[in-house]
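Asks: okay, structure incoming, though there's no sequence with it:
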């Protein structure tokens, strides 16, 4: 996976670095080109400077000092003057892998519509059931008519699965079917698989392009501003938090516990908490906490119940797993995608809170636990995510038609870009708990940080984020090579 095929590094003046994506001409010389069909598309006849200049790049870091080097850049996405595929030679396929996420159907729809309406392509297949669908399932012909209303539904019309990646079988199938454009929608594990498919295609010298669209409802993919479905997840989480608040407020010493998604990163829990204003305590994987003793969670629960008579706790699914393992002697197991299987921390912490108050006999509590995980995953995307999905899909199609391959379409500092596969699969994006956004949450909930001197010292050694997410101050790419502060 660490092949040099995945990224081309171009150095320029004043510390300028372009982490460029591969192109078909890197391994197939003298490929013919033709004018972009958008030149004669009436929808774009009034657009000024519609085509992207080949030298346009987007900086990874936009908050700099006057002495800072120009830093890392990515190739700007968008249509080019020339394309490397004739409309009638394109045979495209689309596959969705991994867990469900709001917006999957919108991305599928917009890829199909962009290929048909912008570039005159009329052969697009849907691969049924994830990666294993390449060699074990039927395909689904996709046309604008077929996908017309699918964005109004949750899930994915193509079906999905975890695992099932067999590079040689998949590329054999791509070659046998004459497919020359492969669009892969999925999270970091899926994109690693896409990188392997790209490398095998390149090794065989095939004129076939592999492009990814990053999907993770947790927003834990690095470099990009955010992933599609995240806004919808935060919005939908409000329903569960509101229900927990109503339950807690309606009972004497009522406690509402809501578990939200976030295996490695607590972005959904953090933003849902900030949006709600009804949450008293937010617990995420990046911020350790403890239960017993002075400054612990139990003490805070007692304090808040004494003050308000009720409280709401939001906890990300990956938070406190080390405590849970100690208590339940649980062993680490992996799912088909290679992700660590998590125990139900919401159920566990609910049990521990009830056990504590029963043991201490200080007050009787009424606790309600809500887990809306699958309800959130299965809803259609909201308006903001629908727009974002459209931009991602169209940008991806433009890049593929221009001959770029081995890339992911993503938003960096508000601009659509093409990012090499290896940059978005090397680490997880995570909340920086020494950052101002987490401080805003602590101020909003008025909860303690639960950090001891040792944890606080370790947290302060974290590097500042080279990229921004939402308002620009709350994410971290652990492999940061940039310098300077983000303040």
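Replies: Nice, thanks for sending it over. None of these values were measured; they are calculated from a predicted model. Residues are numbered from 1 along each chain as shown.

Asks: ranges for the helices of the stretch 201-350 of the chain?
Replies: Taking DSSP state H, counting those that start in this stretch to define them, one finds helices in the stretch 201-350 of the chain at 230-249, 267-276, 297-308, 321-328, 345-360.

Asks: so what pLDDT did the nearest residue to residue 416 once chain neighbours are set aside get?
Replies: Nearest residue to residue 416, sequence neighbours excluded (CB to CB, 6 or more residues apart in numbering): residue 77, at 3.8 Å. All C-beta spots, glycine's among them, are computed from the backbone N, C-alpha and C. Listed pLDDT for residue 77 reads 97.

Asks: ok, back up a step: rank the helices of the stretch 201-350 of the chain by mean pLDDT and give me the bottom one.
Replies: Minimum mean pLDDT among those: helix 321-328, a mean of 75.

Asks: for stretch 427-438, which positions count as buried?
Replies: For stretch 427-438, burial by neighbour count (16 or more other CB atoms under 10 Å) applies to 427-435, 437-438.

Asks: now stretch 64-77
Replies: Buried residues in stretch 64-77 (16+ other CB under 10 Å): 64, 69, 71-77.

Asks: ends of it, how far apart?
Replies: Using CA to CA, to the nearest Å, the end-to-end distance of stretch 64-77 comes out at 23 Å.

Asks: where does this structure dip in pLDDT?
Replies: For the chain, the stretches flagged by pLDDT under 70 are 1-5, 45-48, 326-340, 452-487.

Asks: residues in contact with the residue nearest to residue 416?
Replies: Counting by CB atoms under 8 Å, 6 or more residues apart in numbering, residue 77 touches 52, 395-396, 398-399, 409, 415-418.

Asks: same check, this time on residue 23
Replies: Residues in contact with residue 23, defined by CB under 8 Å, 6+ apart, are 403-405.

Asks: of those - the most surrounded one?
Replies: Within the contacts of residue 23, most neighbours by other CB atoms under 10 Å means residue 405, with 27 neighbours.

Asks: now, among the contacts of residue 77, which is nearest to residue 343?
Replies: residue 409 (34.9 Å; CB to CB).

Asks: wait, the closest one touches residue 392, no?
Replies: Yes - counting by CB atoms under 8 Å, residue 409 touches residue 392, with 5.1 Å between them.

Asks: anything in contact with each of the two?
Replies: The contact sets of residue 409 and residue 392 overlap at 213, 416 (CB under 8 Å, 6+ apart).

Asks: tabulate the helices of the stretch 201-350 of the chain (a markdown table), appending distance to residue 88.
Replies: Compiled in a markdown table, the helices of the stretch 201-350 of the chain are given as follows (distance: least, CB to CB, whole Å):
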| stretch | distance to residue 88 |
| --- | --- |
| helix 230-249 | 37 |
| helix 267-276 | 43 |
| helix 297-308 | 63 |
| helix 321-328 | 53 |
| helix 345-360 | 54 |
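
Asks: residue 287: which of the ones you listed is closest?
Replies: Closest to residue 287 of the helices of the stretch 201-350 of the chain, according to CB to CB: helix 267-276, at 9.6 Å.

Asks: okay, the angle between that closest one and helix 230-249?
Replies: 60 degrees (axes from the mean of the first three to the mean of the last three CA atoms, to 10 degrees).

Asks: when you give positions from now on, start the count at 447
Replies: Done: numbering now begins at 447, and the last item shifts to helix 713-722.

Asks: elements contacting helix 713-722?
Replies: The contact analysis (3 or more CB pairs under 8 Å, 6 or more residues apart in numbering; DSSP states H and E) places helix 713-722 against helix 676-695, strand 700-706, strand 727-729, strand 756-762, helix 882-891.

Asks: circling back: the buried residues of stretch 510-523: which two are farthest apart?
Replies: Counting by CB to CB, the most remote pair of those is 515 and 523, 24.0 Å apart.

Asks: and the host helix or strand of residue 539, what's buried?
Replies: For residue 539, the element it lies in under DSSP states H and E is strand 538-542. Judged by neighbour count using 16+ other CB under 10 Å, the buried positions of strand 538-542 are 538-542.

Asks: possible to save these as CSV with distance to residue 888?
Replies: CSV is the format used below for these (distance: CB to CB, whole Å):
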residue, distance to residue 888
538, 48
539, 47
540, 42
541, 41
542, 37
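
Asks: now, among those residues, which is nearest to residue 573?
Replies: residue 541 (3.9 Å).

Asks: show me what contacts the closest residue to the closest one other than its chain neighbours?
Replies: Once flanking residues are discounted, residue 541 sits nearest to residue 573: 3.9 Å by CB to CB, 6+ apart. Residue 573 makes contacts with 539-541, 579-580, 583, 585-586, 604, as judged by CB under 8 Å, 6+ apart.

Asks: would you format the residues you listed as JSON lines with distance to residue 759 included?
Replies: Shown next, in JSON lines, are those (distance: CB to CB, whole Å):
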{"residue": "539", "distance to residue 759": "44"}
{"residue": "540", "distance to residue 759": "40"}
{"residue": "541", "distance to residue 759": "38"}
{"residue": "579", "distance to residue 759": "40"}
{"residue": "580", "distance to residue 759": "43"}
{"residue": "583", "distance to residue 759": "42"}
{"residue": "585", "distance to residue 759": "46"}
{"residue": "586", "distance to residue 759": "43"}
{"residue": "604", "distance to residue 759": "37"}
